[in-house]
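Participant: With the sequence up front, the predicted model follows.
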Amino acid sequence: MILVIYAHPYPAHSRACAALVAAIRDVEGVQVRSLYDLYPDFDIDGEAERAALESAQLIVWLHPFYWYGVPALLKHWLDVVLVKGWSHGNDGHALQGRDCLWVTTTGGDENAFSEEGRHGHPFAAFEPPMRQTAKYCGMNWLAPMPVRGAHEVPVETLAAAGKALRERLDAWLAQKAGAANA
């Protein structure tokens, strides 16, 4: 199963995240958990979230890129759900061996994420906190999928990004099915 942890504080205003979610919502085996719908008061049910994670083999963190990180509720989710003794620490192996995919949308395009651009670094420079979070929990880090220029790109480009994400999830599912049949 694929569990998508979706964290957009203003989903009605989202072009890019909405296109990505729409493209994968009907993939068999995909469950989308919209944190801002589930927890508008930020009162996260850690046990429910951990139960959802335990049945997943691929965990997707999907959100807009906010101030070089994640939206507030996703950060809170990480704090409440990924607790010592469950996801990490001596007895914390619940996520060991799971795959983790980071899918994020940015307002800035390729040029904005360069040494000469307004962010002063390539996008890869902002990856380490998410990658290390996954690795600290024993997960396998998959190459992230940033969707850049979310405010500017045409609808067709966003549809193509959604298609690319769907194809990536389909390929992951096919690989797992092939491994199970071997």
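Facilitator: Okay, I see it.
Participant: Give me the below-cutoff pLDDT ranges for the chain.
Facilitator: By pLDDT under 70, the low-scoring segments of the chain are 182.
Participant: In contact with the one residue sitting closest to the centre of it, which residues?
Facilitator: Among the residues of the chain, Trp61 comes closest to the average C-alpha position under Cα atoms, centre = their mean, at 1.5 Å. Contact analysis of Trp61 by Cβ atoms under 8 Å, 6 or more residues apart in numbering lists Ile5, Ala7, Val70, Leu74, Cys100, Leu101, Trp102, Val103, Thr104, Met130. Heads up, the C-betas are built off the backbone N, CA and C, glycines and all.
Participant: Show me which of those is closest to Pro144.
Facilitator: Each of the contacts of Trp61 was scored against Pro144 by Cβ to Cβ, and Trp102 proved nearest at 4.1 Å.
Participant: What residues of the helix ranked longest in the chain count as buried?
Facilitator: Longest helix in the chain by number of residues, with DSSP state H as the criterion: helix 155-181. Neighbour counts over helix 155-181 (16 or more other Cβ atoms under 10 Å) mark Thr157, Leu158, Ala161, Gly162, Leu165, Arg166, Arg168, Leu169, Trp172, Leu173, Lys176 as buried.
Participant: out of those, which one sits closest to Ala23?
Facilitator: Gly162 (2.9 Å).
Participant: mind checking the SS state of Ile5?
Facilitator: Under DSSP: H, G, I helix; E, B strand; the rest coil, the three-state class of Ile5 is strand.
Participant: so who does it touch?
Facilitator: With Cβ under 8 Å, 6+ apart, Ile5 has these contacts: Arg33, Leu35, Ile59, Val60, Trp61, Leu62, Leu74, Trp77.
Participant: In CSV, list those residues along with secondary structure and distance to His121.
Facilitator: Shown next, in CSV, are these (DSSP: H, G, I helix; E, B strand; the rest coil; distance: Cβ to Cβ, whole Å):
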residue, secondary structure, distance to His121
Arg33, strand, 31
Leu35, helix, 27
Ile59, strand, 26
Val60, strand, 24
Trp61, strand, 20
Leu62, strand, 22
Leu74, helix, 21
Trp77, helix, 26
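Participant: Now the buried members of those residues.
Facilitator: Buried among the contacts of Ile5 (16+ other Cβ under 10 Å): Arg33, Leu35, Ile59, Val60, Trp61, Leu62, Leu74, Trp77.
Participant: Now tabulate the contacts of Ile5 in CSV and tack on distance to Ala52.
Facilitator: Shown next, in CSV, are those (distance: Cβ to Cβ, whole Å):
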residue, distance to Ala52
Arg33, 6
Leu35, 11
Ile59, 9
Val60, 12
Trp61, 13
Leu62, 14
Leu74, 15
Trp77, 11
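Participant: Can you identify the element that follows the helix or strand harbouring Thr104 toward the C-terminus?
Facilitator: In the assignment (DSSP states H and E), Thr104 maps to strand 99-105. Downstream of strand 99-105, the first helix or strand assigned by DSSP H and E is helix 128-136.
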